[in-house]
Structures are given as C-alpha cells and as structure tokens.
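A.B. asks: sequence first, predicted coordinates after that:
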Amino acid sequence: GFPDDDLDGVLAAAAHHRAHGTTTLVASLVSAPAAVLRDRLALLAPLVRAGELAGVHLEGPFLSAARCGAQDPAALVPGDPALLEELVGTGVVVSVTLAPETAHAAELVAVLRAHGVLPSFGHTDASAAETTAAVRAAAPDGRLSATHLFNGMPPLLSRAPGPVGACLAAAARGEIVLELIADGVHLAPETVAAVFDLVGPAQVALVSDAMAAAGVADGRYQLGALPVQVAGGVARLVTGDGPGAIAGGTARLVDVVRQTVAAGVPLADAVLAASGTPARLLGRDDVGHLAPGARADVLVTDRELHPTGVLRAGRWVRREES
C-alpha cells in the first residue's frame, strides 16, 4: 500500500526502500473506486517510465469481501474484464491480485495474459477445489503467483484445506509461486520455514507488503481510504472497538530476509526468494541475479544482515565506511 496520492511521498518511499536494498520496487495499490485507481495509476505512470518503480501491483478490486483483510469492503467489486482492460492498458501494471471465485475470473486472467501482466490469486474465500481449478486453468499459460499466502485466506483445516492447501500443492508441482510476508508479524517463523521446506525457494517470493509507515515512527496513517494505527511497528486498522486487521507490513525486504534466516531458512535460499524468484515471476531477466550482462544491483550487509551498502545499476545509493 503506497502513499499513492502524493508524488513526494511516493518518491520518499521508493528512496527509503532502495536505501535498504530493494533495488527493484513494485508499488501496490489497494482496492479503490475505478476513478481513484485511474488517478493513482496516472500519478505513478511517470515514475514507472523513469524506472523509479518497476511497475504497479493492483491488489484488487476483484477480491472476496469475506477476506478483504485491511482493504475497504466498499471498494470491492465483482470481476469486470472491461475495467481491468482499461487499468492494465495504461502499461504500468505488472501484477494484479484477484480472488479465483470472483465473476469472470477466467476472462480476467486472459486479459492479464494478453498484456503480459502477472495474475496472482489472493484475498479469497475459495475452496481448495475452486482454487486448484483456477490454478490449473491459468498455470499452463505462464507466470502465476499467490498473493501473500495464508494472509487474506481461510486457514488450512483437515477437512477444508482451502486455498492454502491448494496453493501449497500447486507450488510443489511447480505451477505457482507463493508470496510470503515473512516479517515476524504476518506469519509464524515455523510457517515460513515449513513452506520453504515443502516447495523450495524457487517457488517462494518473499515480499514486504510494506505500507506507508515502513521506516517511520509509530502513529496514525492511511491505507487507501481507511485509517491505520502503527504501534510497536505493527500496523492495524483503526476500528470502533480496538485494533482491527493487520494493515500491511512496516518492514523492508532486507528485514524480511533477516527474519527468514532467523526462522532457520538457509541464507542462500532466503536471498533467492527475495531476488531471483520474484524477478523471474515478473518476467525480468536483467535483475535478481549477479551475472555478466545483468543490471549491477548489489546489496552489501553486515553479518547480522543490516545494509551497509547498496549499488543500483552500477551506482552507489548507499555506502557506509567500514
């Protein structure tokens, strides 16, 4: 969830994440009315074209109201291929989260494929069977992901494995890549380690799910149209009767890598899931790996995995003297 109505805020957020080693940054937009999404895409488009952002991820609005998490349920609408065509036709959208049970889901995926945009299933209340059918229909045609597995979904139960069970099995078959918000808040460390053990780092994309409060103090913020309170680094919706749903992350991707390693995942696997796997998922072969001909993006850390230097496209954007 980007500070998406203010160009200076967007640039500040991008600079903050870049200084912490996220050299290729996708900005997420939460569900909003169509006119608002149009305006936000227009605001971000010049930054995408200039390479400040790698693109925009639309997290909705074709999501399940039952699993909207910290998104505004009033902004959710049934699948609308014409609206999606208009939004991705801007050329700045690189991925879209949709619930597999939304109306016209197969048509929505077809629109995304036609534009080279990554479909991602998430914020869903679908059954395991519905999810498996949607994955199997979409997987043969190219890249596919699950938006922050476990979060915004029913839990995996013995007689109702739901989208979590279906996506784990599909990832083990190599059909889908699983996003994990391994920030120590959204998932237990044992959950993160188990997914790596089950499907391997080539099928896991670590994400920060960072909202506007990443890297700044506790306090009140906005996520789309909804108020958020950040306390102790945990962002939650403000409701009339106390803290609400977790409202995105406040970690940077390097923090997620550090938490993943602390969960027992080998460093090389955590790094692959934060670099090579998501780059491949986005169809980018110029970033995400250190090799001749690739963009010279390097994150240097100390032994505790805190950034000490960041090289982006061969230029130091952060360099601490040792």
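C.D. replies: Nice, I can see it.
A.B. asks: dump the residue contacts of residue 307.
C.D. replies: Residue 307 makes contact with 19, 20, 21, 254, 299, 300, 301, 318, according to CB atoms under 8 Å, 6 or more residues apart in numbering. In short, each C-beta sits where N, CA and C put it, glycine included.
A.B. asks: ok, now with 6 Å
C.D. replies: Under the criterion of CB atoms under 6 Å, 6 or more residues apart in numbering, the contact partners of residue 307 comprise 20, 21, 254, 301.
A.B. asks: residue 85 too?
C.D. replies: Contact analysis of residue 85 by CB under 6 Å, 6+ apart lists residue 111.
A.B. asks: for it, which three-state class applies?
C.D. replies: At residue 85, secondary structure determined by DSSP: H, G, I helix; E, B strand; the rest coil is helix.
A.B. asks: tell me where the chain is predicted with low confidence.
C.D. replies: Flagging of the chain using pLDDT under 70 yields the residue ranges 1-5, 322.
A.B. asks: residues in contact with the lengthiest helix in it?
C.D. replies: If you go by DSSP state H, the chain has its longest helix at helix 34-49. Taking CB under 6 Å, 6+ apart as the criterion, the residues outside helix 34-49 that touch it are 4, 27, 29, 53, 55, 56, 83, 90, 92.
A.B. asks: helix/strand/coil for the second one?
C.D. replies: Classification of residue 27 by three-state DSSP places it in strand.
A.B. asks: go on, the fourth one?
C.D. replies: Three-state secondary structure (criterion: three-state DSSP) places residue 53 in coil.
A.B. asks: that one and residue 28 touch, don't they?
C.D. replies: No: the criterion here is CB atoms under 6 Å, and residue 53 misses it with residue 28 at 10.7 Å.
A.B. asks: and for those two, which residues touch both?
C.D. replies: The contact lists of residue 53 and residue 28 share no entry, where a contact means CB under 6 Å, 6+ apart.
A.B. asks: where do the strands sit along the stretch 151-300 of the chain?
C.D. replies: For the stretch 151-300 of the chain, the strands defined by DSSP state E, counting those that start in this stretch occupy 177-180, 204-206, 219-223, 226-231, 234-239, 242-246, 298-301.
A.B. asks: turn these into TSV, columns for distance to residue 35.
C.D. replies: Putting the strands of the stretch 151-300 of the chain into TSV (distance: least, CB to CB, whole Å) gives the following:
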stretch	distance to residue 35
strand 177-180	28
strand 204-206	31
strand 219-223	18
strand 226-231	18
strand 234-239	23
strand 242-246	25
strand 298-301	38
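A.B. asks: can you list the ones you listed in a markdown table and add mean neighbour count and distance to residue 188?
C.D. replies: Putting the strands of the stretch 151-300 of the chain into a markdown table (neighbours: other CB atoms under 10 Å; distance: least, CB to CB, whole Å) gives the following:
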| stretch | mean neighbour count | distance to residue 188 |
| --- | --- | --- |
| strand 177-180 | 26 | 11 |
| strand 204-206 | 27 | 15 |
| strand 219-223 | 16 | 23 |
| strand 226-231 | 18 | 20 |
| strand 234-239 | 18 | 14 |
| strand 242-246 | 16 | 13 |
| strand 298-301 | 16 | 24 |
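A.B. asks: out of these, nearest to residue 66?
C.D. replies: With CB to CB as the measure, strand 242-246 is the member of the strands of the stretch 151-300 of the chain nearest residue 66 (12.4 Å).
A.B. asks: what angle separates the closest one from strand 226-231?
C.D. replies: Computed by axes from the mean of the first three to the mean of the last three CA atoms, to 10 degrees, the angle separating strand 242-246 from strand 226-231 equals 100 degrees.
A.B. asks: who touches strand 242-246?
C.D. replies: Applying CB under 6 Å, 6+ apart, the contact partners of strand 242-246 are 69, 70, 236, 237.
A.B. asks: tell me the one of those nearest residue 174?
C.D. replies: Among those, residue 69 lies closest to residue 174 (CB to CB), at 27.8 Å.
A.B. asks: can you tell me the closest non-neighbouring residue to that closest one?
C.D. replies: Sequence neighbours aside, residue 152 is the residue nearest to residue 69 in space, at 4.6 Å (criterion: CB to CB, 6 or more residues apart in numbering).
A.B. asks: cool, residue 93 as well?
C.D. replies: Residue nearest to residue 93 in three dimensions, not counting chain neighbours: residue 56, with 5.1 Å by CB to CB, 6+ apart.
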